[in-house]
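1. predicted model follows, preceded by the sequence.
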Amino acid sequence: MAKKQSMTLDEALQVILATDGDNPMRLMLEWMVQQALEHEMSSHLGAQAYERSENRLGYRNGHRPRVFTTRVGDLELLIPQDRDGTFSTVLFERFQRSEKALCLSLMEMYVQGVSTRKVKDITEKLCGRTFSSQTVSNLAKQLDEKVEEWRSRPLEGEYPYLIVDAEYEKVRRGGRVISQGILIVMGINGDGYREILEVRVADTENETTWSDLFRDLKRRGLKGVELVTSDNHEGIKAAAKRFFQGASWQRCQCHFIKNVLRVAGKGEKTELKADLRAMFDAGDIETLNRLLDETIHKWSERKPAVADKIDEEIIDCLAVFCFPSAHRKRTRTTNAIERLNEEIRRRTRVVRIFPNERSALRLIATLAIEQSEDWDRRYLDMSHLEQLGSSRRRAGPGGPQDDGGCGAHRRRRGAYGAKPATGLTKLSTQAT
(Lines give C-alpha, C1' and ligand atoms only; values in the text may rest on other atoms or scores of the structure.)
Protein backbone atom coordinates (compact mmCIF):
# COMPACT_ATOMS: atom_id res chain seq x y z
CA MET A 1 0.00 0.00 0.00
CA ALA A 2 1.15 3.52 -0.76
CA LYS A 3 2.22 5.51 2.22
CA LYS A 4 3.88 8.85 2.80
CA GLN A 5 6.58 9.34 5.38
CA SER A 6 5.20 10.94 8.54
CA MET A 7 6.84 14.26 9.34
CA THR A 8 6.55 16.92 12.00
CA LEU A 9 5.80 20.50 11.00
CA ASP A 10 9.47 21.53 11.39
CA GLU A 11 10.63 18.61 9.25
CA ALA A 12 8.03 19.39 6.61
CA LEU A 13 9.08 23.04 6.47
CA GLN A 14 12.73 22.11 5.99
CA VAL A 15 11.90 19.73 3.13
CA ILE A 16 9.57 22.24 1.48
CA LEU A 17 11.98 25.16 1.66
CA ALA A 18 14.89 23.04 0.46
CA THR A 19 12.97 21.79 -2.57
CA ASP A 20 14.23 23.25 -5.83
CA GLY A 21 11.97 24.01 -8.78
CA ASP A 22 8.62 23.35 -7.11
CA ASN A 23 5.92 25.56 -5.68
CA PRO A 24 6.47 25.87 -1.89
CA MET A 25 2.86 26.91 -1.35
CA ARG A 26 1.59 23.79 -3.12
CA LEU A 27 3.86 21.54 -1.05
CA MET A 28 2.88 23.24 2.19
CA LEU A 29 -0.82 22.91 1.42
CA GLU A 30 -0.31 19.28 0.38
CA TRP A 31 1.35 18.49 3.74
CA MET A 32 -1.40 20.28 5.70
CA VAL A 33 -4.21 18.49 3.88
CA GLN A 34 -2.47 15.13 4.34
CA GLN A 35 -2.18 15.75 8.08
CA ALA A 36 -5.85 16.72 8.21
CA LEU A 37 -6.77 13.43 6.55
CA GLU A 38 -4.71 11.42 9.03
CA HIS A 39 -6.23 13.27 11.95
CA GLU A 40 -9.73 12.67 10.56
CA MET A 41 -9.01 8.91 10.31
CA SER A 42 -7.73 8.83 13.90
CA SER A 43 -10.91 10.51 15.10
CA HIS A 44 -12.99 8.04 13.09
CA LEU A 45 -11.21 5.01 14.61
CA GLY A 46 -10.87 6.47 18.09
CA ALA A 47 -7.11 5.90 18.16
CA GLN A 48 -3.87 7.03 16.58
CA ALA A 49 -1.88 4.76 14.29
CA TYR A 50 -0.34 1.81 16.25
CA GLU A 51 -1.98 3.07 19.44
CA ARG A 52 -3.39 0.49 21.84
CA SER A 53 -6.69 1.80 23.17
CA GLU A 54 -9.91 0.40 24.57
CA ASN A 55 -11.78 3.07 22.62
CA ARG A 56 -10.51 1.83 19.27
CA LEU A 57 -13.38 1.25 16.79
CA GLY A 58 -11.40 -0.24 13.92
CA TYR A 59 -8.07 -0.56 12.16
CA ARG A 60 -6.31 1.19 9.31
CA ASN A 61 -5.90 -0.54 5.98
CA GLY A 62 -3.38 1.49 4.04
CA HIS A 63 -4.00 4.39 1.67
CA ARG A 64 -5.20 5.08 -1.84
CA PRO A 65 -3.87 7.90 -4.03
CA ARG A 66 -6.01 10.85 -4.99
CA VAL A 67 -5.26 14.11 -6.77
CA PHE A 68 -6.88 17.17 -5.25
CA THR A 69 -7.00 20.14 -7.67
CA THR A 70 -6.60 23.60 -6.10
CA ARG A 71 -5.76 27.12 -7.20
CA VAL A 72 -2.08 26.54 -6.30
CA GLY A 73 -1.84 23.28 -8.24
CA ASP A 74 -2.58 19.57 -7.94
CA LEU A 75 -2.09 18.05 -4.47
CA GLU A 76 -0.96 14.42 -4.55
CA LEU A 77 -2.66 12.95 -1.52
CA LEU A 78 -2.98 9.50 0.07
CA ILE A 79 -6.46 8.88 1.43
CA PRO A 80 -6.48 6.68 4.58
CA GLN A 81 -8.65 3.54 4.46
CA ASP A 82 -10.01 1.33 7.24
CA ARG A 83 -10.62 -2.42 7.16
CA ASP A 84 -14.41 -2.12 7.37
CA GLY A 85 -14.60 0.51 4.62
CA THR A 86 -16.61 2.91 6.78
CA PHE A 87 -14.30 5.93 6.54
CA SER A 88 -15.37 8.79 4.29
CA THR A 89 -13.55 12.06 4.55
CA VAL A 90 -15.54 15.24 4.94
CA LEU A 91 -12.84 17.00 2.93
CA PHE A 92 -13.70 15.04 -0.19
CA GLU A 93 -17.42 15.41 0.36
CA ARG A 94 -16.77 19.10 0.04
CA PHE A 95 -14.49 18.45 -2.91
CA GLN A 96 -17.23 16.46 -4.63
CA ARG A 97 -19.64 19.35 -4.14
CA SER A 98 -17.12 21.80 -5.56
CA GLU A 99 -16.49 19.43 -8.43
CA LYS A 100 -20.22 19.44 -9.20
CA ALA A 101 -20.23 23.21 -8.87
CA LEU A 102 -17.36 23.38 -11.34
CA CYS A 103 -19.33 21.25 -13.80
CA LEU A 104 -22.32 23.53 -13.38
CA SER A 105 -20.07 26.55 -13.87
CA LEU A 106 -18.78 25.08 -17.11
CA MET A 107 -22.34 24.52 -18.26
CA GLU A 108 -23.27 28.02 -17.19
CA MET A 109 -20.37 29.48 -19.16
CA TYR A 110 -21.51 27.47 -22.15
CA VAL A 111 -25.03 28.83 -21.70
CA GLN A 112 -23.57 32.31 -21.43
CA GLY A 113 -22.27 31.86 -24.96
CA VAL A 114 -18.63 30.98 -24.27
CA SER A 115 -17.18 28.60 -26.84
CA THR A 116 -15.71 25.29 -25.65
CA ARG A 117 -12.17 26.43 -26.52
CA LYS A 118 -12.59 29.52 -24.34
CA VAL A 119 -14.10 27.47 -21.52
CA LYS A 120 -11.03 25.22 -21.64
CA ASP A 121 -8.74 28.25 -21.30
CA ILE A 122 -10.77 29.74 -18.47
CA THR A 123 -10.91 26.56 -16.39
CA GLU A 124 -7.19 25.97 -16.82
CA LYS A 125 -6.42 29.43 -15.43
CA LEU A 126 -8.95 29.19 -12.59
CA CYS A 127 -8.34 25.63 -11.48
CA GLY A 128 -4.81 24.83 -12.58
CA ARG A 129 -6.25 21.92 -14.51
CA THR A 130 -6.82 21.32 -18.21
CA PHE A 131 -10.20 20.33 -19.57
CA SER A 132 -10.40 19.19 -23.18
CA SER A 133 -12.98 20.61 -25.55
CA GLN A 134 -14.54 17.16 -25.67
CA THR A 135 -14.85 17.07 -21.88
CA VAL A 136 -16.54 20.46 -21.80
CA SER A 137 -18.89 19.45 -24.60
CA ASN A 138 -19.81 16.25 -22.75
CA LEU A 139 -20.52 18.21 -19.59
CA ALA A 140 -22.69 20.61 -21.56
CA LYS A 141 -24.71 17.71 -22.89
CA GLN A 142 -25.83 16.97 -19.34
CA LEU A 143 -28.18 19.90 -19.82
CA ASP A 144 -30.10 17.86 -22.39
CA GLU A 145 -32.03 15.90 -19.79
CA LYS A 146 -33.17 19.06 -18.08
CA VAL A 147 -34.10 20.64 -21.40
CA GLU A 148 -36.14 17.64 -22.55
CA GLU A 149 -37.93 17.43 -19.22
CA TRP A 150 -38.87 21.09 -19.52
CA ARG A 151 -39.99 20.76 -23.15
CA SER A 152 -42.26 17.81 -22.36
CA ARG A 153 -43.75 19.12 -19.11
CA PRO A 154 -47.58 19.05 -18.84
CA LEU A 155 -49.35 22.37 -19.31
CA GLU A 156 -51.95 22.85 -16.62
CA GLY A 157 -54.80 25.35 -16.62
CA GLU A 158 -55.76 27.69 -19.43
CA TYR A 159 -53.58 29.99 -21.50
CA PRO A 160 -55.86 32.70 -22.95
CA TYR A 161 -53.02 34.51 -24.71
CA LEU A 162 -50.27 33.12 -26.93
CA ILE A 163 -47.47 35.16 -28.49
CA VAL A 164 -45.43 33.33 -31.11
CA ASP A 165 -42.35 34.28 -33.09
CA ALA A 166 -39.26 32.83 -34.73
CA GLU A 167 -35.63 33.75 -35.22
CA TYR A 168 -32.82 32.14 -37.18
CA GLU A 169 -29.41 30.76 -36.24
CA LYS A 170 -26.55 29.25 -38.23
CA VAL A 171 -26.00 25.52 -37.73
CA ARG A 172 -23.56 23.05 -39.28
CA ARG A 173 -25.03 20.04 -41.04
CA GLY A 174 -23.22 17.61 -43.29
CA GLY A 175 -20.22 19.90 -43.68
CA ARG A 176 -22.40 22.86 -44.66
CA VAL A 177 -23.60 25.87 -42.69
CA ILE A 178 -27.37 26.29 -42.93
CA SER A 179 -29.94 28.63 -41.40
CA GLN A 180 -32.28 27.00 -38.90
CA GLY A 181 -35.50 28.46 -37.57
CA ILE A 182 -35.95 28.75 -33.81
CA LEU A 183 -39.69 28.64 -33.11
CA ILE A 184 -40.75 30.13 -29.76
CA VAL A 185 -44.16 30.20 -28.08
CA MET A 186 -44.92 32.31 -25.03
CA GLY A 187 -48.15 31.86 -23.09
CA ILE A 188 -49.95 33.97 -20.50
CA ASN A 189 -51.87 31.70 -18.16
CA GLY A 190 -55.17 32.17 -16.37
CA ASP A 191 -53.40 33.71 -13.37
CA GLY A 192 -51.72 36.35 -15.52
CA TYR A 193 -48.20 34.92 -15.43
CA ARG A 194 -46.17 34.43 -18.60
CA GLU A 195 -43.86 31.60 -19.50
CA ILE A 196 -42.15 30.14 -22.52
CA LEU A 197 -44.17 27.08 -23.47
CA GLU A 198 -41.93 25.68 -26.18
CA VAL A 199 -38.71 26.21 -28.10
CA ARG A 200 -38.09 24.18 -31.24
CA VAL A 201 -35.47 24.03 -33.98
CA ALA A 202 -36.90 23.57 -37.48
CA ASP A 203 -35.52 23.54 -41.00
CA THR A 204 -37.94 26.26 -41.99
CA GLU A 205 -40.83 28.31 -40.67
CA ASN A 206 -43.99 27.18 -42.43
CA GLU A 207 -47.48 25.82 -41.76
CA THR A 208 -46.18 22.27 -41.26
CA THR A 209 -43.57 23.13 -38.63
CA TRP A 210 -45.94 25.42 -36.73
CA SER A 211 -48.69 22.81 -36.94
CA ASP A 212 -46.38 20.19 -35.47
CA LEU A 213 -45.49 22.54 -32.64
CA PHE A 214 -49.12 23.51 -31.87
CA ARG A 215 -50.18 19.85 -32.03
CA ASP A 216 -47.57 18.90 -29.45
CA LEU A 217 -48.61 21.78 -27.19
CA LYS A 218 -52.20 20.58 -27.26
CA ARG A 219 -51.06 17.06 -26.44
CA ARG A 220 -49.29 18.46 -23.40
CA GLY A 221 -52.52 20.08 -22.25
CA LEU A 222 -52.63 23.53 -23.85
CA LYS A 223 -56.21 24.83 -23.79
CA GLY A 224 -58.31 27.95 -23.41
CA VAL A 225 -56.49 29.94 -26.11
CA GLU A 226 -58.44 33.05 -27.06
CA LEU A 227 -55.87 35.26 -28.79
CA VAL A 228 -52.79 34.41 -30.85
CA THR A 229 -50.38 37.26 -31.57
CA SER A 230 -47.71 36.97 -34.26
CA ASP A 231 -46.25 38.69 -37.29
CA ASN A 232 -47.98 38.33 -40.67
CA HIS A 233 -46.50 34.93 -41.40
CA GLU A 234 -48.85 32.75 -43.43
CA GLY A 235 -47.60 29.55 -41.80
CA ILE A 236 -48.42 30.79 -38.29
CA LYS A 237 -51.82 32.06 -39.38
CA ALA A 238 -52.76 28.80 -41.08
CA ALA A 239 -51.57 26.62 -38.19
CA ALA A 240 -53.30 28.79 -35.58
CA LYS A 241 -56.51 28.72 -37.62
CA ARG A 242 -56.34 24.96 -37.70
CA PHE A 243 -55.51 24.23 -34.08
CA PHE A 244 -57.09 27.07 -32.08
CA GLN A 245 -60.69 26.97 -33.17
CA GLY A 246 -62.62 30.12 -32.32
CA ALA A 247 -59.56 32.10 -31.21
CA SER A 248 -58.72 35.51 -32.66
CA TRP A 249 -55.50 36.22 -34.50
CA GLN A 250 -53.74 39.51 -33.74
CA ARG A 251 -51.18 40.81 -36.20
CA CYS A 252 -48.25 42.46 -34.45
CA GLN A 253 -48.86 46.18 -34.65
CA CYS A 254 -45.14 47.02 -34.60
CA HIS A 255 -44.52 44.83 -37.65
CA PHE A 256 -47.52 46.40 -39.37
CA ILE A 257 -46.26 49.94 -38.73
CA LYS A 258 -42.85 49.05 -40.18
CA ASN A 259 -44.49 47.56 -43.27
CA VAL A 260 -46.65 50.64 -43.84
CA LEU A 261 -43.71 53.03 -43.35
CA ARG A 262 -41.90 51.35 -46.24
CA VAL A 263 -44.59 52.65 -48.58
CA ALA A 264 -44.27 56.25 -47.36
CA GLY A 265 -41.69 58.76 -48.45
CA LYS A 266 -38.75 59.65 -46.26
CA GLY A 267 -40.27 62.94 -45.14
CA GLU A 268 -43.62 61.35 -44.38
CA LYS A 269 -42.60 58.55 -42.06
CA THR A 270 -42.66 60.47 -38.77
CA GLU A 271 -46.13 61.86 -39.36
CA LEU A 272 -47.50 58.55 -40.60
CA LYS A 273 -46.07 56.68 -37.63
CA ALA A 274 -47.72 59.16 -35.24
CA ASP A 275 -51.09 58.68 -37.00
CA LEU A 276 -50.86 54.89 -36.75
CA ARG A 277 -49.83 54.96 -33.10
CA ALA A 278 -52.70 57.29 -32.27
CA MET A 279 -55.14 54.80 -33.76
CA PHE A 280 -53.70 51.84 -31.93
CA ASP A 281 -53.65 53.77 -28.65
CA ALA A 282 -57.33 54.73 -28.94
CA GLY A 283 -59.13 54.21 -25.66
CA ASP A 284 -62.44 53.10 -27.14
CA ILE A 285 -64.02 51.86 -30.35
CA GLU A 286 -65.61 55.20 -31.29
CA THR A 287 -62.27 57.00 -31.04
CA LEU A 288 -60.55 54.27 -33.03
CA ASN A 289 -63.12 54.42 -35.85
CA ARG A 290 -62.95 58.21 -36.00
CA LEU A 291 -59.13 58.28 -36.14
CA LEU A 292 -59.11 55.50 -38.70
CA ASP A 293 -61.49 57.33 -41.01
CA GLU A 294 -59.51 60.55 -40.65
CA THR A 295 -56.18 58.81 -41.31
CA ILE A 296 -57.36 56.96 -44.39
CA HIS A 297 -59.01 60.12 -45.79
CA LYS A 298 -55.86 62.17 -45.12
CA TRP A 299 -53.44 59.72 -46.75
CA SER A 300 -55.73 58.87 -49.66
CA GLU A 301 -55.19 62.46 -50.83
CA ARG A 302 -51.46 62.62 -50.06
CA LYS A 303 -50.24 59.08 -50.70
CA PRO A 304 -52.91 56.69 -52.03
CA ALA A 305 -50.60 53.67 -51.69
CA VAL A 306 -50.36 54.28 -47.94
CA ALA A 307 -54.12 54.63 -47.58
CA ASP A 308 -54.68 51.44 -49.60
CA LYS A 309 -52.29 49.42 -47.45
CA ILE A 310 -53.88 50.66 -44.23
CA ASP A 311 -57.33 50.03 -45.62
CA GLU A 312 -56.57 46.49 -46.74
CA GLU A 313 -54.48 45.23 -43.83
CA ILE A 314 -55.26 47.10 -40.63
CA ILE A 315 -58.22 44.89 -39.81
CA ASP A 316 -55.82 42.15 -38.72
CA CYS A 317 -54.24 44.48 -36.15
CA LEU A 318 -57.43 45.26 -34.24
CA ALA A 319 -58.34 41.93 -32.63
CA VAL A 320 -57.10 43.20 -29.26
CA PHE A 321 -60.03 45.61 -29.20
CA CYS A 322 -62.18 42.53 -28.44
CA PHE A 323 -60.28 42.16 -25.18
CA PRO A 324 -59.83 44.30 -22.06
CA SER A 325 -58.16 47.64 -22.65
CA ALA A 326 -55.80 46.90 -19.75
CA HIS A 327 -54.40 43.92 -21.72
CA ARG A 328 -53.98 45.52 -25.13
CA LYS A 329 -50.52 47.00 -24.86
CA ARG A 330 -49.01 43.68 -23.83
CA THR A 331 -50.86 41.47 -26.29
CA ARG A 332 -50.94 43.63 -29.42
CA THR A 333 -47.30 43.00 -30.40
CA THR A 334 -44.66 40.28 -30.22
CA ASN A 335 -42.34 42.57 -28.27
CA ALA A 336 -42.30 40.25 -25.24
CA ILE A 337 -40.66 37.51 -27.32
CA GLU A 338 -38.56 39.98 -29.32
CA ARG A 339 -36.79 40.93 -26.09
CA LEU A 340 -36.01 37.28 -25.45
CA ASN A 341 -34.78 36.96 -29.04
CA GLU A 342 -32.43 39.89 -28.49
CA GLU A 343 -30.97 38.15 -25.44
CA ILE A 344 -30.60 34.94 -27.43
CA ARG A 345 -28.80 36.76 -30.23
CA ARG A 346 -26.48 38.45 -27.71
CA ARG A 347 -25.42 35.04 -26.41
CA THR A 348 -25.28 33.23 -29.75
CA ARG A 349 -23.08 35.90 -31.33
CA VAL A 350 -20.22 34.39 -29.34
CA VAL A 351 -20.92 30.92 -30.71
CA ARG A 352 -21.60 32.25 -34.23
CA ILE A 353 -22.13 28.82 -35.80
CA PHE A 354 -23.57 25.94 -33.78
CA PRO A 355 -21.91 22.55 -34.39
CA ASN A 356 -25.32 20.87 -34.66
CA GLU A 357 -29.03 21.36 -34.02
CA ARG A 358 -28.84 19.79 -30.58
CA SER A 359 -26.30 22.33 -29.35
CA ALA A 360 -28.46 25.19 -30.62
CA LEU A 361 -31.56 23.80 -28.91
CA ARG A 362 -29.60 23.18 -25.69
CA LEU A 363 -28.42 26.75 -25.41
CA ILE A 364 -31.60 28.53 -26.51
CA ALA A 365 -33.97 26.31 -24.53
CA THR A 366 -31.86 26.80 -21.39
CA LEU A 367 -32.07 30.55 -21.85
CA ALA A 368 -35.84 30.21 -22.27
CA ILE A 369 -36.05 28.19 -19.04
CA GLU A 370 -34.11 30.86 -17.17
CA GLN A 371 -36.28 33.58 -18.68
CA SER A 372 -39.46 31.81 -17.58
CA GLU A 373 -38.07 31.44 -14.07
CA ASP A 374 -37.30 35.17 -13.98
CA TRP A 375 -40.89 36.04 -14.90
CA ASP A 376 -42.13 35.74 -11.34
CA ARG A 377 -44.32 38.84 -11.45
CA ARG A 378 -47.93 38.84 -12.61
CA TYR A 379 -47.91 40.17 -16.17
CA LEU A 380 -51.65 40.81 -16.56
CA ASP A 381 -54.58 41.21 -14.20
CA MET A 382 -56.82 38.45 -15.52
CA SER A 383 -59.84 39.66 -13.56
CA HIS A 384 -60.44 42.10 -16.43
CA LEU A 385 -60.79 39.16 -18.79
CA GLU A 386 -63.11 37.33 -16.43
CA GLN A 387 -65.38 40.36 -16.27
CA LEU A 388 -65.95 40.18 -20.00
CA GLY A 389 -68.50 37.54 -20.82
CA SER A 390 -67.31 34.83 -23.16
CA SER A 391 -70.02 35.76 -25.62
CA ARG A 392 -68.82 39.35 -25.78
CA ARG A 393 -65.12 38.45 -26.12
CA ARG A 394 -65.81 36.02 -28.91
CA ALA A 395 -68.52 38.07 -30.61
CA GLY A 396 -67.84 39.01 -34.22
CA PRO A 397 -68.58 42.37 -35.88
CA GLY A 398 -71.92 43.70 -34.81
CA GLY A 399 -71.75 41.88 -31.46
CA PRO A 400 -72.12 43.45 -28.03
CA GLN A 401 -69.98 46.49 -27.28
CA ASP A 402 -67.81 47.17 -24.23
CA ASP A 403 -64.53 48.89 -23.46
CA GLY A 404 -62.80 46.21 -25.52
CA GLY A 405 -65.60 45.63 -27.99
CA CYS A 406 -65.28 44.18 -31.45
CA GLY A 407 -66.96 46.99 -33.35
CA ALA A 408 -63.70 48.47 -34.63
CA HIS A 409 -63.37 49.27 -38.30
CA ARG A 410 -66.80 48.12 -39.47
CA ARG A 411 -66.28 50.21 -42.55
CA ARG A 412 -62.95 51.11 -44.01
CA ARG A 413 -63.15 53.61 -46.83
CA GLY A 414 -66.86 53.48 -47.52
CA ALA A 415 -67.05 57.26 -47.36
CA TYR A 416 -64.31 57.55 -49.95
CA GLY A 417 -65.43 54.97 -52.49
CA ALA A 418 -63.83 51.86 -51.02
CA LYS A 419 -65.62 48.66 -50.07
CA PRO A 420 -66.68 48.27 -46.41
CA ALA A 421 -64.75 46.24 -43.91
CA THR A 422 -65.57 42.63 -43.24
CA GLY A 423 -64.84 42.87 -39.53
CA LEU A 424 -62.20 41.41 -37.23
CA THR A 425 -60.32 38.35 -38.35
CA LYS A 426 -61.62 35.21 -36.62
CA LEU A 427 -60.05 31.78 -36.64
CA SER A 428 -62.92 29.35 -36.87
CA THR A 429 -61.76 26.36 -38.88
CA GLN A 430 -62.08 23.04 -37.06
CA ALA A 431 -58.77 21.96 -35.50
CA THR A 432 -57.50 18.54 -36.43
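-> Arrived safely.
2. excluding chain neighbours, what is closest to the most centrally placed residue in the chain?
-> Nearest to the mean C-alpha position of the chain, by CA atoms, centre = their mean, lies Ala368 at 0.9 Å. Using CB to CB, 6 or more residues apart in numbering and skipping the chain neighbours, the partner closest in space to Ala368 is Ile196 (4.2 Å). Just so you know, the C-beta spots here come from the backbone N, C-alpha and C atoms, and that holds for glycine as well.
3. and that neighbour, how far is that from Gly190?
-> Between Ile196 and Gly190 the distance is 17 Å, computed by CB to CB, to the nearest Å.
4. and the residue nearest to Ala368, helix, strand or coil?
-> Following DSSP: H, G, I helix; E, B strand; the rest coil, we place Ile196 in the strand state.
5. okay, now it: neighbour count?
-> 22 (other CB atoms under 10 Å).
6. all strands for the protein, in order.
-> Applying DSSP state E to the chain gives strands spanning 60-70, 73-82, 161-173, 176-188, 194-202, 227-230, 248-251, 353-354.
7. give me the helices and strands touching the shortest one, please.
-> Going back to what we said before, that points to strand 353-354. Here strand 353-354 touches strand 161-173, going by 3 or more CB pairs under 8 Å, 6 or more residues apart in numbering; DSSP states H and E.
8. between the strand it packs on and strand 194-202, how many degrees?
-> Here strand 161-173 runs at an angle of 30 degrees relative to strand 194-202 (axes from the mean of the first three to the mean of the last three CA atoms, to 10 degrees).
9. wait, Ile182 touches Arg200, no?
-> Yes - with contact defined as CB atoms under 8 Å, Ile182 reaches Arg200; the gap is 7.5 Å.
10. could you check which of those two is surrounded by more residues?
-> Shown here are Ile182 and Arg200; by other CB under 10 Å, Ile182 has more neighbours (23 against 19).
11. give me the nearest residue to that one, chain neighbours excluded.
-> The shortest distance from Ile182 to any non-neighbouring residue, by CB to CB, 6+ apart, is to Glu167 (5.1 Å).
12. and the residue nearest to the centre of the chain, how close does it get to Lys298?
-> 43 Å.
13. before we move on, what about Ile182?
-> Distance of Ile182 to Lys298, given as CB to CB: 40 Å.
14. check Ile236 too.
-> Using CB to CB, we find Ile236 at a distance of 32 Å from Lys298.
15. which of those two has more neighbours?
-> Neighbours of Ile236 and Lys298, each counted by other CB under 10 Å, are more numerous for Ile236; the result is 26 against 15.
16. name the nearest residue to that one, ignoring sequence neighbours.
-> Closest residue to Ile236 apart from its sequence neighbours, by CB to CB, 6+ apart: Ser230 at 4.5 Å.
17. so what pairs up with the closest residue to Gln180 other than its chain neighbours in the strands?
-> The shortest distance from Gln180 to any non-neighbouring residue, by CB to CB, 6+ apart, is to Val171 (4.6 Å). Val171 has these beta-bridge partners by DSSP bridges: Ile178, Phe354.
18. lovely, talk soon.
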